[in-house]
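Peer 1: predicted model, plus sequence, below.
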Amino acid sequence: GDSWGIFTFLCAALCNLPALPALNCTEELGTSQSIQKTYDLTRYLEHQLRTLAGTYLNYLGPPFNEPDFNPPRLARAERVPSATVDLDLWRGLTDNARLAANYRAYSRLLCYLRALDGQEGTAELRHRLGHFCSSLQGLVLSIAGVMSSLGYPLPAGPAGPTTPPGTPVAPNDFLKKMDDFWLLKELQTWLWRSAKDFNRLKKKVPPAVVTLRLEARGF
């Protein structure tokens, strides 16, 4: 009847349509994923550092492993990049400036940690130091990836410790331990603040969009 005739007509019409472009849905791995990955890595390093610091401070012994030990920062400890910047001043910086400061700080902190790796304590402690250094190297590379995806250049100049030539090593064992104590303390503060930085940054950058890419077929 009429219904069969309409169906036959539609089939014939569809068979004779020109080839249409196909929609290929591809998710772009963008900046937001890079920021999320870096944020997750800072939180992982925070957890790792709590375990490492406990082991290392016990290796240093008292008073460094006592919970209420809070010595003043010595002048020689200023070689380690400090995270004790006024929070309002820090938040007033541009994203580029904060990322560059994070990149420089972790690059230098990594150099100091590598100086400890392989020469301190027990085999377990050396293993934990080595593992932490590898993770921190990953964070440095991840921050570089975020900067690149946002179009920011990496900071110029040496990333390693800026110790002037002829600077003496710690004159005694206590001051050497004090250097190590401040290194761990600054690392803890940097990671805490970096987690907040990347959490805010990921809220500013929209999630990766799903793009519809047209691919012509049959032409």
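Peer 2: Sure thing, it's come through. Note that the structure is predicted; figures quoted are calculated from it, not measured.
Peer 1: what ranges do the helices span in the protein?
Peer 2: 2-15, 31-60, 87-91, 95-116, 123-149, 173-204 (DSSP state H).
Peer 1: least reliable of those helices by average pLDDT, please.
Peer 2: Note on the helices of the chain: lowest mean pLDDT is at helix 2-15, with a mean of 53.
Peer 1: which ones are touching Leu183?
Peer 2: Counting by CB atoms under 8 Å, 6 or more residues apart in numbering, Leu183 makes contact with Val80, Leu109, Tyr112, Leu113, Leu116. Yep, even glycine has a C-beta here, placed from its N, CA and C like the rest.
Peer 1: name the nearest of those relative to Leu93.
Peer 2: Leu109 (19.2 Å; CB to CB).
Peer 1: give me the number of residues near that closest one?
Peer 2: 24 (other CB atoms under 10 Å).
Peer 1: could you do the one 4 residues further on as well?
Peer 2: Leu113 has 21 neighbouring residues, counting by other CB under 10 Å.
Peer 1: likewise the one 10 residues further on?
Peer 2: Number of residues near Ala123 (other CB under 10 Å) recorded here: 7.
Peer 1: cool, and Tyr56?
Peer 2: Tyr56: 23 neighbours (other CB under 10 Å).
Peer 1: now do the contacts for it.
Peer 2: With CB under 8 Å, 6+ apart, Tyr56 has these contacts: Glu120, Gly121, Leu125, Leu129, Asp180, Leu184.
Peer 1: can you check Gly61 too?
Peer 2: Gly61 neighbours (CB under 8 Å, 6+ apart): none.
Peer 1: and it, what's its pLDDT?
Peer 2: The model reports Gly61 with a pLDDT of 91.
Peer 1: redo the helices of the chain as CSV? Include distance to Pro71.
Peer 2: Below are these laid out as CSV (distance: least, CB to CB, whole Å):
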stretch, distance to Pro71
helix 2-15, 81
helix 31-60, 12
helix 87-91, 23
helix 95-116, 18
helix 123-149, 22
helix 173-204, 7
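Peer 1: rewinding a little: which of the contacts of Leu183 sits closest to Leu99?
Peer 2: Nearest member of the contacts of Leu183 to Leu99, counting by CB to CB, is Leu109, at 15.6 Å.
Peer 1: count residues in the vicinity of the nearest residue to the closest one once chain neighbours are set aside, would you?
Peer 2: Residue nearest to Leu109 in three dimensions, not counting chain neighbours: Leu187, with 5.8 Å by CB to CB, 6 or more residues apart in numbering. Leu187: 26 surrounding residues under other CB under 10 Å.
Peer 1: give the ChimeraX command for selecting the buried subset of the contacts of Tyr56.
Peer 2: Restricted to buried positions by 16 or more other CB atoms under 10 Å, the ChimeraX selection for the contacts of Tyr56 reads:
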select :125,129,180,184
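Peer 1: what about Pro62, how many neighbours?
Peer 2: Counted by other CB under 10 Å, the residues lying close to Pro62 total 9.
Peer 1: distance of it relative to Thr122?
Peer 2: Plainly put, Pro62 is 18 Å away from Thr122 if you go by CB to CB, to the nearest Å.
Peer 1: now do Leu109
Peer 2: On the measure of CB to CB, Leu109 and Thr122 end up 23 Å apart.
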